[in-house]
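Engineer: no sequence for this one, just the structure:
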């Protein structure tokens, strides 16, 4: 599947890039200085005279003030003058952004990679205090076969990391470091997240570690596809947020008002060439729901591998009449066993309306192998509901 050009993973890569160009600063037309008006010599002279008069008055007033102080026996540097400073302590509620950030930051790390293809940076967070860290696959995939991976903690300590396992289908990876005792973040429940909930994103955008941004959950169940076209693409049933997420935030936590992780920041939407090739945060960031990420992380830690569920169908990605058109079936697969046929159009999967092929793939991968689901198909104008049990993809 071709990669939509407006999706971009939120990792920061520098493949022998030239130095960044310096930004150009300018006054907008409405703020440009007005050209000096051409007036008579008398007018210009009047302006100068008034200016000098005001200036002389100010100087005279200052001299008079100094003379008065000296006459009263005061010094120019009066030691009795004291500047007032407040000693009040700002009290921050436990659910304030500042309080949450102070609790979460020690568990968030910056990840830097170096390989033959170049270098990259991203983010991760501690999920077990014995050194296990969760991040995105696209943050570490360049060093899967060769290269180096360094992990920087919030206290400044840098240690070498190794990859435990990756799952490109979900764009997730687990790495291990030798450091222990670092507090692990708590997992929230992404199913209970509601649109409008306040969330906080923490990461290393553009290499600026420990950056905290806040926003809300803008939408749920966004069908997001990500990838560079060179490997397996990721299909994410994403949480959408307007918290600022930029290159380098990939793999960082998206936390709720209790400090629990509800998502793994993974992708951003960027404007295409029709908008002037702008890049960076435009208020459209996407995170992998933590419920999915947790299942994947547990499998990777336990076995070094992680699978995903399949229905056993191949769909036509060019079909645009609503739903997902089945163009092939896996022999003996769940779809064939459920009675789905080539030419059927899937319009609903497990209670979720399907309008295109990407939505079907994302909906399937939001489940787990062994899950039983109801599927609505349309065949020759007739709607039918079938039952299927998902199986794990072959590894």
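Structural biologist: Nice, thanks for sending it over. Remember, it's a predicted structure, so these values are computed and weren't measured experimentally.

Engineer: Which residue is the nearest non-sequential neighbour of residue 369?
Structural biologist: residue 392 (3.8 Å; Cβ to Cβ, 6 or more residues apart in numbering). C-beta: built from backbone N, CA, C; applies to glycine.

Engineer: Enumerate every residue touching that neighbour.
Structural biologist: By Cβ atoms under 8 Å, 6 or more residues apart in numbering, the residues touching residue 392 are 307, 308, 309, 310, 369.

Engineer: cool, and residue 140?
Structural biologist: Counting by Cβ under 8 Å, 6+ apart, residue 140 has contacts 111, 113, 122, 149, 163, 166, 173, 175.

Engineer: thinking again about what came up before, between the contacts of residue 392, which is nearest residue 250?
Structural biologist: The nearest member of the contacts of residue 392 to residue 250, counting by Cβ to Cβ, is residue 308 at 19.8 Å.

Engineer: Kindly list the main-chain dihedrals of the closest one?
Structural biologist: The phi/psi pair for residue 308 (degrees, to the nearest 10) reads phi -150, psi 160.

Engineer: Setting the sequence-adjacent residues aside, check what's closest to it.
Structural biologist: residue 169 (4.7 Å).

Engineer: if I look at the residue nearest to residue 369, how far off is residue 319?
Structural biologist: Residue 392 sits 27 Å away from residue 319, going by Cβ to Cβ, to the nearest Å.

Engineer: Okay, helices next: where are they in the stretch 201-350 of the chain?
Structural biologist: 290-303, 334-338 (DSSP state H, counting those that start in this stretch).

Engineer: if we can go back for a sec, any chance of the contacts of residue 140 in TSV, plus distance to residue 330?
Structural biologist: What follows is those, written out as TSV (distance: Cβ to Cβ, whole Å):
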residue	distance to residue 330
111	37
113	36
122	35
149	36
163	30
166	25
173	28
175	33
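
Engineer: how about those in JSON lines, adding neighbour count?
Structural biologist: As requested, those are arranged in JSON lines below (neighbours: other Cβ atoms under 10 Å):
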{"residue": "111", "neighbour count": "29"}
{"residue": "113", "neighbour count": "22"}
{"residue": "122", "neighbour count": "30"}
{"residue": "149", "neighbour count": "23"}
{"residue": "163", "neighbour count": "18"}
{"residue": "166", "neighbour count": "25"}
{"residue": "173", "neighbour count": "29"}
{"residue": "175", "neighbour count": "25"}
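
Engineer: Inside strands: which ones of those residues?
Structural biologist: Among those, DSSP state E puts 111, 113, 122, 149, 163, 166, 173, 175 in strands.

Engineer: Please look at the third one and residue 135 and confirm they touch.
Structural biologist: Yes: counting by Cβ atoms under 8 Å, residue 122 touches residue 135, with 6.1 Å between them.

Engineer: Between those two, which contacts overlap?
Structural biologist: Taking Cβ under 8 Å, 6+ apart as the criterion, residue 122 and residue 135 both touch 111, 250, 251.

Engineer: What's the separation between the second one and residue 206?
Structural biologist: In other words, residue 250. 12 Å.

Engineer: likewise residue 289?
Structural biologist: Remark: distance between residue 289 and residue 206 (Cβ to Cβ) = 26 Å.

Engineer: the more surrounded of these two?
Structural biologist: Between residue 289 and residue 206, counting by other Cβ atoms under 10 Å, residue 289 is the more crowded of the two (23 against 13).

Engineer: give me every residue that touches that one.
Structural biologist: Contacts for residue 289 (Cβ under 8 Å, 6+ apart) come out as 190, 191, 193, 237, 238, 239, 262, 263, 366.

Engineer: Repeat the analysis, applying 7 Å as the threshold.
Structural biologist: By Cβ atoms under 7 Å, 6 or more residues apart in numbering, residue 289 lies in contact with 190, 237, 239, 263.

Engineer: repeat for residue 164
Structural biologist: Residue 164 makes contact with 174, 175, 176, 300, 301, 304, according to Cβ under 7 Å, 6+ apart.

Engineer: Any figure for the gap between residue 304 and residue 332?
Structural biologist: 28 Å.

Engineer: Same drill for the two, tell me which one is more crowded.
Structural biologist: Using other Cβ under 10 Å as the criterion, residue 304 and residue 332 rank with residue 304 on top: 12 against 9.

Engineer: List the single closest residue to the more buried one in space, sequence neighbours excluded.
Structural biologist: Leaving aside its sequence neighbours, residue 304 sits nearest to residue 165 (Cβ to Cβ, 6+ apart; 4.3 Å).

Engineer: was I right about the one you found contacting residue 305?
Structural biologist: Yes: between residue 165 and residue 305 there is a contact at 5.9 Å, judged by Cβ atoms under 7 Å.

Engineer: more neighbours, the two?
Structural biologist: Using other Cβ under 10 Å as the criterion, residue 165 and residue 305 rank with residue 165 on top: 20 against 11.

Engineer: Okay, and the beta partners of that one?
Structural biologist: As for beta bridges, residue 165 partners with residue 174 under DSSP bridges.

Engineer: What does the pLDDT read for it?
Structural biologist: Residue 165 is assigned 96 on the pLDDT scale.

Engineer: tell me the contacts of it?
Structural biologist: 174, 300, 304, 305, 306 are the contacts of residue 165 under Cβ under 7 Å, 6+ apart.
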